[in-house]
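In: would you be able to build a 3D model of this:
(chains A and B, ligands or ions: 1)
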Amino acid sequence: MRQTLDYLRETASQTAGPYVHIGLAPGAAGFDIYREELGRDIAGPNARGQRIRVEGLVIDGMGSPVKDVLIEVWQANADGIYPTPDGGAVEDGFRGWGRVITDFETGEWSFETVKPGAVAGRHPTVSSVARRVRDTHPDWMGRTDEAAARMAPHLNFWLVARGINIGLNTRMYFPDEAEANAADPVLNLIEWEKRRATLIATRGEDKAGLPVYRFEIRLQGDDETVFFDI
Amino acid sequence: MTPAEFYQRDRRLQPPALTPDYKTSVARSPRLSLISLENTASEITGPTFGHGDIDPIDNDLIKNHARTGDPIGERIIVHGRVLDENARPVPNTLVEIWQANAGGRYRHKKDSYLAPIDPNFGGCGRTLTDGTGYYFFRTVKPGAYPWRNWINNWRPAHIHVSVFGTAFCQRLITQLYFEGDPLIAQCPIVHTIPDPDAIQQLIARLDMNASVPLDCLAYKFDIVLRGRRSTLFENRLEGN
Ligand SMILES: [Fe+3]
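Out: Here you go, the predicted model:
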């Protein structure tokens, strides 16, 4: 008998197409159908921390703004905690998730939220066998377990649009977190410092003094934004 | 306890970014390699939705935009399960769909195809899977429509499907096609997927057992999201 593995295979992705708004943001497609559209309020009214605005453009390989992109945002709260299904750990009403579409004429997008905190980083995966070998090795004995490096505050982005066959994952980091960014294990995974810079927003302020972070996402060309295979 | 990590995405089953036969991808595809990132808390967590977020009528496209009567078209049920690569059901996850009407026209201010808007058809729906990962929608079968790519490209009848899962790294948008449609074989968007079996997995099968006699046909469409590694137990040596 030939041995087989009984895993299923992930469903293949297809482009969201030009009419993604009908399904995910019908108001923008030009009609009103749901009691409430999802993803309009990321942080909710009770969120702690600094209120901010984030804005930018997605730019294609010809240097033109992509006017039909849809972005989803996923972020931790100001304490660096992600909402979990059972809730409780984050403020009531903090969703951590938002859905953002561009202006059809200009391609500009923006949303308001709170600035996330630093997030606990990845614990190195060590199988129990490897752990046993390691813990009894003379070089290791007496040392404490590795602490997970914290990840600098960041927003996780997922982009879909016509012409994008599978959603693109990237992260936005904050320019006023230079020290945390320098120690961030994900930024440091990127070999080229010039490319790390593509993930760091610029900071301004609006008339009311609200911090405004601007983040251009370049799909290709010079300064192509770093996208992740997560 | 932090949720477990996920199996690596099998990129051989997934469409690459650059697929010149689908022309729009050329200027919108990253040219540099993706940076592979081992799962962190940012990827293995994700948004959750509840019954307070949606209404029961949201999964009935025959009724959720009805004005003067039912929409024109072939009445169908689309149903199936959301599973992960371990064949485990994904319960309580949000599934959203959108589609053209029976004439192939979208209710979208950017769609100008000459087929008419159906006043009784919106073209979108959403639902949560139940405890066994099961979902269903009632709708009308969408029509094929032409699109600008080559001079004479037509999309096969399709429904766009968006699914969340439990983690941001499981997020997926795909398209459902219908068994027997000759346009599937000709479509440059379908063929952005390099693996023939992966294409077959996007073709919903006619499901006579789930149809309603004298009312509507049914199509079955299961969706598979990335699977989680199992939790590392001390008594299981490789923890996976
Ligand atoms: Fe379509």
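In: which SSE is the most centrally placed residue in chain B in?
Out: Nearest residue to the geometric centre of chain B (Cα atoms, centre = their mean): B:Val161, 2.4 Å. According to DSSP states H and E, B:Val161 maps onto strand B:158-163.
In: can you give me the strands for chain B?
Out: B:35-36, B:75-84, B:94-99, B:124-128, B:134-140, B:145-147, B:153-155, B:158-163, B:172-178, B:203-206, B:217-220, B:223-225 (DSSP state E).
In: surely B:Met208 and B:Lys220 touch.
Out: No: under the criterion of Cβ atoms under 8 Å, B:Met208 makes no contact with B:Lys220, lying 10.2 Å away. Just so you know, the C-beta spots here come from the backbone N, C-alpha and C atoms, and that holds for glycine as well.
In: of these two, which one has the most company?
Out: B:Lys220 (17 against 9; other Cβ atoms under 10 Å in any protein chain shown).
In: ok, that one to A:Gln50 distance?
Out: 49 Å (Cβ to Cβ, to the nearest Å).
In: same check, this time on A:Gly163
Out: 35 Å.
In: again with A:Val186
Out: A:Val186 sits 22 Å away from A:Gln50, going by Cβ to Cβ.
In: of the two, who's got more company?
Out: A:Val186 (24 against 12).
In: B:Leu37 is in contact with the more buried one, correct?
Out: Yes: here A:Val186 reaches B:Leu37: they are 6.3 Å apart, a contact under Cβ under 8 Å.
In: what residues do the two have in common as contacts?
Out: Shared contacts of A:Val186 and B:Leu37, defined by Cβ atoms under 8 Å, 6 or more residues apart in numbering or on different chains, comprise A:Phe228.
In: helices of chain A, residue ranges please.
Out: In chain A, the helices defined using DSSP state H lie at A:20-24, A:26-29, A:128-135, A:178-182, A:193-196.
In: can you pull the pLDDT of the nearest residue to A:Ala89 once chain neighbours are set aside?
Out: Spatial nearest neighbour of A:Ala89, excluding adjacent residues (Cβ to Cβ, 6 or more residues apart in numbering or on different chains): A:Ile81 at 5.0 Å. On the pLDDT scale, A:Ile81 is placed at 95.
In: now A:Arg214
Out: For A:Arg214, pLDDT reads 98.
In: got the contact list for the spatially most central residue of chain A?
Out: Nearest to the mean C-alpha position of chain A, counting by Cα atoms, centre = their mean, stands A:Asn156 at 0.5 Å. With contact taken as Cβ under 8 Å, 6+ apart, A:Asn156 is in contact with A:73-75, A:169-171, B:42-43, B:168.
In: and it, bridged to which residues?
Out: A:Trp74, A:Arg171 (DSSP bridges).
In: also B:Pro146?
Out: Bridge pairing for B:Pro146 (DSSP bridges) gives the partners B:Trp154.
In: surely it meets B:Leu183?
Out: No: using Cβ under 8 Å, B:Pro146 makes no contact with B:Leu183, being 10.6 Å away.
In: overlap in contacts of the two?
Out: In contact with both B:Pro146 and B:Leu183: B:154-155, using Cβ under 8 Å, 6+ apart.
In: identify the residue nearest B:Leu13 in space, chain neighbours excluded?
Out: B:Ala198 (4.4 Å).
In: let me know which of the helices of chain A is tucked in deepest.
Out: Highest mean neighbour count among those (mean count of other Cβ atoms under 10 Å in any protein chain shown): helix A:20-24, with a mean of 25.
In: ok, residues contacting it?
Out: Contacts for helix A:20-24 (Cβ under 8 Å, 6+ apart): A:28-29, A:68, A:70, A:99, A:101, A:160-162, B:96-98, B:106-108, B:122-124, B:126, B:160, B:162, B:173.
In: same check, this time on stretch A:191-208
Out: For stretch A:191-208, contacts defined as Cβ under 8 Å, 6+ apart pick out A:53-54, A:56, A:154, A:170-176, A:181, A:187, A:190, A:211-215, A:218, A:223-226, B:32.
In: now which of the residues you listed would you call buried?
Out: Among these, the ones that count as buried by 16 or more other Cβ atoms under 10 Å in any protein chain shown are A:53-54, A:56, A:154, A:170-174, A:181, A:187, A:190, A:211-215, A:218, A:224-226.
In: among the residues you listed, which are located in strands?
Out: Filtering those for strands - DSSP E - leaves A:53-54, A:56, A:154, A:170-173, A:211-214, A:218.
In: farthest pair in those?
Out: A:Pro211 and A:Arg218 (22.9 Å; Cβ to Cβ).
In: give the contact list for residue 33.
Out: In the absence of a named chain, chain A is used. Applying Cβ under 8 Å, 6+ apart, the residues contacting A:Ile33 are A:26, B:64-65, B:122, B:124.
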